[in-house]
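Colleague: have a look at this prediction, sequence included:
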Amino acid sequence: RDALLVLPGGGYQNICDNREGEPVALAFMQYGVNAFVLHYSVKEKARESKPIIEASLAIKHIKDNAEEYMINKDRVFVTGFSAGGHLCTSLGVLWHLPEIYEATGMEYGYNKPYGIIPVYPVVSSNKEFGHCSSLYNLLGNDRPEEEYEFYSLEKRVDERSVPAFIVHTADD
């Protein structure tokens, strides 16, 4: 089976599991996808790239236990909603950051998802149309502008980025 890591939203302030976590996982499981929900660090506990490190470790756990979970470790997807969509997209475009491997000791590329499904994701630090409060919760609100810009993911897509199916609503 394929595997799916689900990252609920919540603006990096809380985890909205009741709508964007367990119900999503159960919906995918009905179609034969083994799904896992991660409650990643938020607010002050999210500093120093902690959410992307935690999500990388979740992918590692899924792959390390592929036989037990009866999944194809080469087909681990990630989906996320709003701020969880930001984290999902971060994994898709920033999976190669050195600090992930320094913090985890995992083999380079082991955390790279097969594909991502960001749903109404936070992707931009642009104050005109980005959801900046999510990035303030992730990084703190006292950082230099270039640190927020680093997590403006629409500018980070390159040849290393994984395939993505992006979902938005009429309000986005």
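Modeller: Here it is on my side, so go on.
Colleague: drop to CA atoms for contacts and neighbour counts, all remaining ones
Modeller: Noted.
Colleague: show me where this protein has strands.
Modeller: Listed from the start of the chain, the chain has strands (DSSP state E) covering 3-7, 34-37, 76-81, 115-119.
Colleague: and the residue nearest to Ala66 when sequence neighbours are not counted, how close does it get to Phe36?
Modeller: Nearest non-adjacent residue to Ala66, counting by Cα to Cα, 6 or more residues apart in numbering: Lys73, 5.6 Å away. Distance, Lys73 to Phe36, by Cα to Cα, to the nearest Å: 13 Å.
Colleague: shared neighbours, these two?
Modeller: Overlap between the contact sets of Lys73 and Phe36, as judged by Cα atoms under 8 Å, 6 or more residues apart in numbering, is given by Ala3.
Colleague: export the strands of the chain as TSV, with columns for distance to Asn126.
Modeller: Compiled in TSV, the strands of the chain are given as follows (distance: least, Cα to Cα, whole Å):
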stretch	distance to Asn126
strand 3-7	23
strand 34-37	29
strand 76-81	19
strand 115-119	18
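Colleague: export the ones you listed to TSV and append columns for distance to Ala25 and mean pLDDT.
Modeller: Conversion of the strands of the chain to TSV gives the following (distance: least, Cα to Cα, whole Å; pLDDT from 0 to 100):
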stretch	distance to Ala25	mean pLDDT
strand 3-7	7	98
strand 34-37	5	98
strand 76-81	10	98
strand 115-119	13	98
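Colleague: save the ones you listed as JSON lines, and put in distance to Gly92 and mean neighbour count too.
Modeller: Below are those laid out as JSON lines (distance: least, Cα to Cα, whole Å; neighbours: other Cα atoms under 10 Å):
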{"stretch": "strand 3-7", "distance to Gly92": "12", "mean neighbour count": "28"}
{"stretch": "strand 34-37", "distance to Gly92": "17", "mean neighbour count": "21"}
{"stretch": "strand 76-81", "distance to Gly92": "8", "mean neighbour count": "28"}
{"stretch": "strand 115-119", "distance to Gly92": "6", "mean neighbour count": "24"}
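Colleague: all good on my end, thank you.
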